[in-house]
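1. okay, structure incoming, though there's no sequence with it:
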């Protein structure tokens, strides 16, 4: 970039540092935003899906951290992860989506890492946040 007006030489141009990129009008350097990093002085690269960064001006992809179990990031360039909603779970780091609990199981809290089985005498549909009791005159003897 250059701050000089009407310069006739590129010797007045200053290089941006890693973790920065040249503004559109090439008059200043800007820090890479949250969720991105710079390995060159030309542009910033977004963290991949399943990862996030909370660092401005990051200079390496090592600042992109995996989303923890129970959370996900389905977009590149994220500055944080989203907790799985009730009725779903994510059992591994770096998740890009949560899975719905299968029938016979449930998760009643956000950020679940697994689904729990329904107790005997109860059942659930897919992606349930609770189990329902069997109606009078019916039963469920096993878990799930």
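-> Okay, I see it. Just so we're clear, the structure is a prediction, and the values are computed from it rather than from any experiment.

2. list the buried residues for stretch 116-127?
-> Neighbour-count burial for stretch 116-127, counted by 16 or more other Cβ atoms under 10 Å, picks out 116, 118, 122-124, 127. C-beta coordinates here come from the backbone N, C-alpha and C atoms, glycine included.

3. got it, and stretch 97-112?
-> Buried residues in stretch 97-112, counting neighbours by 16+ other Cβ under 10 Å, are found at 98, 100-101, 104-107, 110-112.

4. before we move on, back to that, looking at the buried residues of stretch 116-127, which is nearest residue 80?
-> residue 127 (23.5 Å; Cβ to Cβ).

5. who are the contact partners of the closest one?
-> 87-88, 100-101 (Cβ atoms under 8 Å, 6 or more residues apart in numbering).

6. sheet partners, orientation included, of the helix or strand bottoming out on mean pLDDT in the chain?
-> Scoring the helices and strands of the chain by mean pLDDT, DSSP states H and E places strand 20-22 at the bottom, with a mean of 85. Strand pairing for strand 20-22, determined by DSSP bridges: strand 29-31 (antiparallel).

7. distance between the partner strand and the chain's centre?
-> 24 Å (Cα atoms, centre = their mean, to the nearest Å).

8. equivalent analysis for stretch 65-76, please.
-> Mean-position distance between stretch 65-76 and its chain equals 3 Å (Cα atoms, centre = their mean).

9. ok, now which ones touch residue 82?
-> Taking Cβ under 8 Å, 6+ apart, we find residue 82 in contact with 71-74.

10. let's see that with 6 Å instead.
-> Residues in contact with residue 82 (Cβ atoms under 6 Å, 6 or more residues apart in numbering) are residue 72.

11. same question, residue 67
-> Contacts for residue 67 (Cβ under 6 Å, 6+ apart) come out as 50, 73, 81, 95.
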